[in-house]
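Asker: please work out how this folds:
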Amino acid sequence: MTAEQVGRDLHLTVEGAGEAFVVSPLPGWAGMELTQQYLGIATGNIAPDSMETLLMHAADGVTPDREWVENGPVYTDMQNRLSLAEAQDVLIPAMLWQTVLGIKGVRLYLDEGGGDKGGVKALWSLVSTLGGSNSLISPASALETLIRTQADTRPTSSHQSGGKPGKQPQDRRPSKTSKPKG
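Answerer: Down below sits the predicted model:
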């Protein structure tokens, strides 16, 4: 797959799938809304089932009356010509194109090989560009937070002294020179 900025548009070409898919830039207000929705989905604050609609809007944009286009020509063309995996590698760059990352986000996604790896790398770049912390979207920190909020009791296996399990602290061990009682 290749991506190229032509004028103000993004041209995404999938080898063997015919002509390039042309994605026009959104107006600023719509790009901000799309970015907020995407970050909301990524952080779990918005239901993930809204991702398809978000990607549809990224591909086809808005009308002059500020209404999101539903099942527009670009999205419909992708659905008709591409496999699901190919469509993902076109729709995610289309969405990144509409954020503050622009062509940089598209290239980052593609340079990482697309898919999940490219998506995570581009998402982290978006978050840090907007002044956020990558830990907000880190799967490990999200899992850790979920575990902490769902746990009924504190874990009993933590070692506050930093020592190895099964060993007593130095001050509580019997000295080697002490004689056995008896």
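
Asker: now could you export just the CA positions of stretch 116-135 as PDB?
Answerer: Extracted C-alpha coordinates of stretch 116-135, given in PDB (Å, rounded to 0.1, in the frame of the first residue of the first chain):
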ATOM      1  CA  ASP A 116      -2.100  -3.200  15.200                       C
ATOM      2  CA  LYS A 117       1.600  -2.300  15.500                       C
ATOM      3  CA  GLY A 118       1.200   0.700  13.200                       C
ATOM      4  CA  GLY A 119      -2.000   1.700  14.900                       C
ATOM      5  CA  VAL A 120      -0.500   1.700  18.400                       C
ATOM      6  CA  LYS A 121       2.600   3.600  17.200                       C
ATOM      7  CA  ALA A 122       0.500   6.300  15.500                       C
ATOM      8  CA  LEU A 123      -1.900   6.500  18.500                       C
ATOM      9  CA  TRP A 124       1.000   7.100  20.900                       C
ATOM     10  CA  SER A 125       2.300   9.800  18.500                       C
ATOM     11  CA  LEU A 126      -1.100  11.400  18.500                       C
ATOM     12  CA  VAL A 127      -1.400  11.400  22.300                       C
ATOM     13  CA  SER A 128       2.100  12.800  22.800                       C
ATOM     14  CA  THR A 129       1.500  15.500  20.100                       C
ATOM     15  CA  LEU A 130      -1.600  16.600  22.000                       C
ATOM     16  CA  GLY A 131       0.400  16.800  25.200                       C
ATOM     17  CA  GLY A 132      -1.000  13.600  26.800                       C
ATOM     18  CA  SER A 133       0.800  10.700  28.400                       C
ATOM     19  CA  ASN A 134       1.300   7.400  26.600                       C
ATOM     20  CA  SER A 135       0.500   5.600  29.900                       C
END
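
Asker: show residues contacting it.
Answerer: Defining contact as Cβ atoms under 8 Å, 6 or more residues apart in numbering, one finds that stretch 116-135 is touched by 35, 38-39, 42, 92, 96, 99-101, 104-105, 108-112, 136-137, 141. (Each C-beta comes from the backbone N, C-alpha and C, glycine too.)

Asker: for this protein, what are the low-confidence residue spans?
Answerer: For the chain, the stretches with pLDDT under 70 are 133-182.

Asker: go again using 50 as the cut-off
Answerer: Scanning the chain for pLDDT under 50 picks out the ranges 137-165, 168-169.

Asker: for it, which segments count as helices?
Answerer: Here the chain has its helices, by DSSP state H, at 28-42, 51-60, 73-81, 84-97, 103-111, 115-129, 139-150.

Asker: same question for the fifth one: list its buried residues.
Answerer: Within helix 103-111, the residues that count as buried by 16 or more other Cβ atoms under 10 Å are 104-110.

Asker: so which of the helices of the chain gets nearest Glu15?
Answerer: Proximity to Glu15 (Cβ to Cβ) singles out helix 84-97 among the helices of the chain, at 9.5 Å.
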